[in-house]
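Undergrad: the following block contains a protein sequence and its predicted model.
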Amino acid sequence: MNPEPGTPNPEPGTRNPESDRLPFVLTTLARRRVTLGFVFIVPVLWLAQPTGTTLVAGVAIALVGEGLRVWAAGHLTKAQELTTSGPYRWLAHPLYLGSSVIGLGLAIASASVIVASLIATYLLATLTASIRSERAFLQRASGDRDNPERASGAAGGSDGRFSLERVMANHEHRALLGVLAAVLLLAWKATYNGSFWR
């Protein structure tokens, strides 16, 4: 948050009480976003009305999102250094953008405006909380409240190349399995409802 007009900025390296403590709700949303995803999947699957056409289109989009997540995870060294290689060269949050693209794909696959609204609500709430939580972490770690990303950009230990080991260390295989499970459940529902071939 920017200070009020006319208020001097604190000296770099001084503590900002606002960033020291995120509200409990934001912290909880950031930490429990995966668990909340499993909770949200129940009404999503219940309300979804997928067809073969929406599944093909939605899965194609979701795969693009997962591809972006894999690419980002292969460059990310969490809590060790500021990653600036791979998609991080152009995007501040490629994992979250990938998640949003996956969400868009699943919303299209579900063929339901209500489901699309649920997915959008989930992503907006959890990703906003996660981004704020990460920014607060960087502020604490760097001491630069105005631009924690710049202050944290010191040279790190990674070589900047994509690494399948980092993909696995960042547990991206779990996200891939989650997307696969959601797609299979939507395909099962379309088959069960007799709408798969529409």
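TA: Perfect, I can see it now.
Undergrad: please make it C-alpha for all contacts and neighbour counts, starting now.
TA: Will do.
Undergrad: gap between the helix or strand where W46 lies and the chain center?
TA: Using DSSP states H and E, W46 sits in helix 33-47. Averaging C-alpha coordinates over helix 33-47 and over its chain gives two centres that are 15 Å apart (C-alpha atoms, centre = their mean, to the nearest Å).
Undergrad: and it, which residues are buried?
TA: By neighbour count on 16 or more other C-alpha atoms under 10 Å, the buried set for helix 33-47 is 33, 40, 44-45.
Undergrad: out of those residues, who's nearest R161?
TA: When these are compared for distance to R161 (C-alpha to C-alpha), R33 wins out at 28.4 Å.
Undergrad: pull out the buried positions in the stretch of helix or strand A187 belongs to.
TA: Counting by DSSP H and E, the element that carries A187 is helix 172-192. Buried residues in helix 172-192, counted by 16+ other C-alpha under 10 Å: 172, 175-176, 179, 182-183, 186-187, 189-190.
Undergrad: how about the helices of the protein, start to end?
TA: Using DSSP state H, the helices found in the chain span residues 17-20, 24-31, 33-47, 52-73, 94-110, 113-142, 148-151, 164-169, 172-192.
Undergrad: which one of the buried residues of helix 33-47 is nearest to G74?
TA: R33 (21.2 Å).
Undergrad: list the contacts for that closest one?
TA: The neighbourhood of R33, defined by C-alpha atoms under 8 Å, 6 or more residues apart in numbering, consists of T126.
Undergrad: how far away is it from V70?
TA: The gap separating R33 from V70 is 19 Å, by C-alpha to C-alpha, to the nearest Å.
Undergrad: in this structure, which residue is most central in space?
TA: Y96 (2.7 Å; C-alpha atoms, centre = their mean).
Undergrad: residue contacts, that one?
TA: 69, 127.
Undergrad: and for the closest residue to G98 other than its chain neighbours, the neighbour number?
TA: Closest residue in space to G98, ignoring its immediate chain neighbours: G65 at 4.1 Å, by C-alpha to C-alpha, 6 or more residues apart in numbering. Counted with other C-alpha atoms under 10 Å, the neighbours of G65 add up to 24.
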